[in-house]
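Enquirer: can't give you the sequence, but here's the structure:
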């Protein structure tokens, strides 16, 4: 761990920590030194020397807590969202001198300007603990949502978490966009196993009659089918815009009547009924649904294309899914609810720890190089 990151664990600002590292001033060096020595030998001004000397007397924040906090806040102030500057300090909501509390719930990321405001008293605009907790919670939810969207748009999904693939729709889209089904590094293997025909199309009849054990279509030792179709979805996403379905949960937007026919992504907890095994031609379509306020979304799945026993087991329970789909219709029901009916293309588990990084430098690099343009800083 470098000096800068170590000093952040004690509540030193990023600017001052970086300056301390540039002159070789570590926590262990700083502790026995007087303020005069810090100013004279390390080039700090009186205020900087006072701040760093005060901070290093504390117990450090645990590394995993520090990383989790900074990453969940995108290394930006939760109050101004970076508008007042990218430098930050890990601030104790209830002052450390009072609480000795380094837990996640007592920590917040603030820019230097808002950190100063949080320490001022008697001002009508004071950033009090209640305000800071609310700002932290709201900002972390927004960062999480943006990371989910970014991961879904880049098709950052693990093939082991793919529950359902509408293979026919994927192949139809490929032919429509590319005039063929593109080859992947798995096409040869799948053709050799006769899972794909000579045109690269899935041979359902051959799989049913020669490979499947009968409980469900893919009840056999597979040959990388989920990875193959994930690659195809990535190719499709390079040509087709997938919009955030949640952004249309507004009566005004739905009345604009421009959602039908659009390809969408959705991340959230959905409900379904378990069809039980075996899955065969007599199994009715599987309906997944999500309800929020006056909006209901339904996805109808062909049970033939559930990809694993684990995927089937998740049916019947509320599960957080990442769903790529085509919107078929939008209707206002008699009870005032807006029903959005979708044809799913992929249903999968969201990747865990989207954008997760192990060190502070990579967290801040991601913020500066990749994420910043995607954030809407509005309320």
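Expert: That came in fine, so what should we check first? Given the structure is predicted, the values throughout are model-derived calculations rather than measurements.
Enquirer: can you pull out the helices in the stretch 101-250 of the chain?
Expert: Counting by DSSP state H, counting those that start in this stretch, residue ranges of the helices within the stretch 101-250 of the chain are 112-119, 129-153, 167-178, 187-192, 204-210, 225-237.
Enquirer: Name the residues of the fourth one that come out as buried.
Expert: The neighbour-count check on helix 187-192 (16 or more other C-beta atoms under 10 Å) flags 187, 190-191 as buried. In this view, the C-beta of every residue, glycine as well, is placed from N, C-alpha and C.
Enquirer: just how off-centre is whatever helix or strand residue 52 lives in within its chain?
Expert: Residue 52 is located in helix 46-55, with elements delineated by DSSP states H and E. Distance of helix 46-55 from the chain centroid (C-alpha atoms, centre = their mean, to the nearest Å) equals 37 Å.
Enquirer: That helix - contacts with which helices or strands?
Expert: helix 14-22, helix 35-42 (3 or more C-beta pairs under 8 Å, 6 or more residues apart in numbering; DSSP states H and E).
Enquirer: Got phi/psi on residue 324?
Expert: The phi/psi pair for residue 324 (degrees, to the nearest 10) reads phi -100, psi 130.
Enquirer: OK, contacts around it?
Expert: 152, 233, 242, 263-265, 344-347 (C-beta atoms under 8 Å, 6 or more residues apart in numbering).
Enquirer: Tell me the predicted confidence for residue 5.
Expert: Per-residue pLDDT puts residue 5 at 88.
Enquirer: Burial check on it, number of neighbours?
Expert: Neighbour count of residue 5, defined by other C-beta atoms under 10 Å: 18.
Enquirer: Next: residue 260.
Expert: Neighbours of residue 260 under the rule other C-beta under 10 Å: 13.
Enquirer: wait, isn't it in contact with residue 328?
Expert: Yes. Shown here, residue 260 and residue 328 form a contact pair, counting by C-beta atoms under 8 Å, at 7.1 Å.
Enquirer: Strands of the stretch 201-350 of the chain, start to end?
Expert: For the stretch 201-350 of the chain, strands defined by DSSP state E, counting those that start in this stretch occupy the ranges 242-244, 263-272, 286-292, 295-301, 319-332, 338-348.
Enquirer: Run through the stretch 1-150 of the chain and note the low-pLDDT ranges.
Expert: 1, 121-125, 148-150 (pLDDT under 70).
Enquirer: Let's see if you can find the most crowded of the contacts of residue 324.
Expert: Among these, residue 347 has the most neighbours (other C-beta under 10 Å), with 29 neighbours.
Enquirer: Excluding chain neighbours, give the residue nearest to that one in space.
Expert: Nearest residue to residue 347, sequence neighbours excluded (C-beta to C-beta, 6 or more residues apart in numbering): residue 164, at 3.9 Å.
Enquirer: got it, and residue 228?
Expert: Residue 228 sits nearest to residue 186 (C-beta to C-beta, 6+ apart), 4.3 Å away.
Enquirer: Against residue 171, how distant is that neighbour?
Expert: Distance of residue 186 to residue 171, computed by C-beta to C-beta, to the nearest Å: 15 Å.
Enquirer: one step back: deepest of the helices of the stretch 101-250 of the chain, which one?
Expert: For the helices of the stretch 101-250 of the chain, ranked by mean neighbour count under the definition mean count of other C-beta atoms under 10 Å, the leader is helix 225-237 at a mean of 21.
Enquirer: average model confidence for that helix?
Expert: Averaged over helix 225-237, pLDDT sits at 93.
Enquirer: Please name every helix or strand in contact with that helix.
Expert: On a contact count with 3+ C-beta pairs under 8 Å, 6+ apart, helix 225-237 meets strand 162-165, helix 167-178, helix 187-192, strand 338-348.
Enquirer: repeat that for 6 Å
Expert: helix 167-178 (3 or more C-beta pairs under 6 Å, 6 or more residues apart in numbering; DSSP states H and E).
Enquirer: who's in contact with the helix it packs on?
Expert: Here helix 167-178 makes contact (C-beta atoms under 6 Å, 6 or more residues apart in numbering) with 181, 201-202, 229, 232, 236, 239, 305, 345.
Enquirer: tell me the domain boundaries of the chain?
Expert: Taking the TED database as the reference, the chain has its domains at 3-56, 63-151, 159-348.
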